[in-house]
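> build me a model from this:
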Amino acid sequence: MELALTARTEGDFEVIEVGGEIDVYTAPRLRESIVTAVDAGHTRLIIDVRKVDFLDSTGLGVLVGALKRVRADGGSLDIVCTQERILKIFEITGLDKVFGLHATTDEARAAHE
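Numbers count the residues shown, from 1 in each chain. Predicted structure coming up:
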């Protein structure tokens with residue numbers, strides 16, 4: 001399945017909406033999108049994965065790498081996710097303690113006010 005990526009700015013945040021499957025084949029496109037946002041000066045990222053059907057360890061690696069990068073610049077990276085099976089991946093890996101997980105982009109933004 002293809003990966004759909006759209007980015008928009010909401011106040012101080014860059015929101016990257018992701019749809020489809022994040023796996024070994026599509027994760028480099030997500031990484032590229034994040035790097036583009038950070039290179040453009042966006043260090044407060046919200047990654048919206050509500051439309052993601054599948055997420056593997058490669059995709060998780062991209063998200064962890066992005067988090068380290070924005071934190072080094074004093075930024076943040078939050079995840080918007082409502083799907084149980086994707087949330088379970090974050091819980092099993094312990095990454096639910098590392099990322100801010102939110103139900104909406106508004107909730108993710110409010111966590112930093």
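
> hey, let's count contacts and neighbours off CA atoms from now on
Fine.

> quick one: mean pLDDT for the longest helix seen in the chain?
For the chain, the helix reaching the highest residue count under DSSP state H is reported as helix 57-72. Computed over helix 57-72, the mean pLDDT rounds to 97.

> for the helix or strand following it, packing partners?
Per DSSP states H and E, helix 57-72 leads on to strand 76-80 as the next helix or strand towards the C-terminus. Of the remaining helices and strands, those touching strand 76-80 by 3 or more Cα pairs under 8 Å, 6 or more residues apart in numbering; DSSP states H and E are strand 44-55, helix 57-72, strand 100-102, helix 105-110.

> closest one to Glu84 among the ones you listed?
Set against Glu84 and scored by Cα to Cα, the helices and strands packed on strand 76-80 come closest in strand 44-55, at 10.2 Å.

> pull out the buried residues from that closest one.
For strand 44-55, the buried set under the neighbour-count rule, 16 or more other Cα atoms under 10 Å, comprises Arg44, Leu45, Ile46, Ile47, Asp48, Val49, Arg50, Val52, Asp53, Leu55.
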